[in-house]
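*Asks:* I would like the atomic coordinates for the input below:
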Amino acid sequence: MSAHKRSLPELAGMKMRGEKIATVTAYDAPSARIADAADIDVILVGDSAAMAVLGHESTAPITVDEMIMLTAAVARGTRHALVLADMPFGSYQVSDARAIENAVRFVKEGRADAVKVEGGGETLARVAALVGAGIPVVGHIGLTPQSVTMLGGYKPQGRTAAEARRLHAEAVALQEAGCFAVVLEAIPAPVAAQITRTLQIATIGIGSGASCDGQVLVWHDVLGLTHGRVPRFVKQYAELGAGALTALESYVAEVRGGRFPEPRHTYPMAENETDLFAAEMAAPSNSVKKSG
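*Replies:* Numbers count the residues shown, from 1 in each chain. Sure thing, here's the model as predicted:
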């Protein structure tokens, strides 16, 4: 495990040396502690929490206050990984001033080391404003969940030469605007590879091939806690959901069958104190008097 806190220059150095950057989402302190113990480089507090934790159908409903609460929880459980917070939909699109105001809250209240924003276009001005205010920023292009309706669903992006050129240009523009890294989501591997070769900043891929400088997956997907179908780019490294169901079914059966708790699960009382308590309860003054 790393003995120190990850830093932005260190991530840049990892790209230069060809060392892959391992990133995972997390939404609470216990998960962050486990990820940190696994020597994860970056913990992303993703707005995917809207679906993975809060039960929404998309990322759009999650609020700034909810994301800051989750980010602060992750920060409290993290000692070594860099904590990256997603700025949710509506928190940076309105204006530079609103974007800075909300990003400052993520840093001050959420204790985030950096924030992430989606898209190119108008987002470029927001990135420049945030960086100008001293807030480190990660970009995100390709499949951008906050814009999934405009994209026509959760579909890969950049599958034509024209789309690939556009994504390449967006990545370069995000670098020029001041991003220290960019997430490439659901982009064909050859396109992501070219973007990675072009950029001096790190690329973090999700469904974009092995040539990216790093990879990110959602906590629940990695551990087999996701309900329903998972994307094709996900590799599940455990089946904790099935194990959790089995454990809870056993608990329910033991409670209903009177097999839990056992004596070893309860707190003892000295025999003389037990006898004294029983005698006091049996005394006439503690008896329920019948009404006349």
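*Asks:* and whichever strand or helix holds residue 23, which strands flank it?
*Replies:* In this assignment (DSSP states H and E), residue 23 forms part of strand 21-25. Paired neighbours of strand 21-25 in the sheet (DSSP bridges): strand 42-45 (parallel), strand 214-217 (parallel).
*Asks:* quick one: the last one to chain centroid distance?
*Replies:* Same thing as strand 214-217. 12 Å (Cα atoms, centre = their mean, to the nearest Å).
*Asks:* what does it rub up against?
*Replies:* 14, 20-25, 41-42, 44, 183, 202-206, 234-235 (Cβ atoms under 8 Å, 6 or more residues apart in numbering). All C-beta atoms are positioned from the backbone trio N, CA, C, and that covers glycine.
*Asks:* rewinding a little: can you say which of the strands paired with strand 21-25 is nearest to residue 242?
*Replies:* strand 214-217 (18.7 Å; Cβ to Cβ).
*Asks:* packing partners for the helix or strand that that closest one is followed by?
*Replies:* Sequence-wise, the next helix or strand downstream of strand 214-217 (DSSP H and E) is helix 219-222. Counting contacts by 3 or more Cβ pairs under 8 Å, 6 or more residues apart in numbering; DSSP states H and E, helix 219-222 packs against strand 21-25.
*Asks:* coming back round to it: which other residues reach the strand holding residue 23?
*Replies:* 11, 14-15, 35, 39-46, 48-49, 52, 84, 202, 204, 213-219, 222.
*Asks:* Using CSV, list the CA coordinates for it.
*Replies:* Taking Å, rounded to 0.1, in the frame of the first residue of the first chain, the C-alpha atoms of strand 21-25 are listed here in CSV:
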residue,chain,number,x,y,z
ILE,A,21,-3.9,4.2,-12.8
ALA,A,22,-6.4,2.1,-10.9
THR,A,23,-9.7,3.9,-10.2
VAL,A,24,-12.9,2.7,-8.6
THR,A,25,-16.1,4.4,-7.5
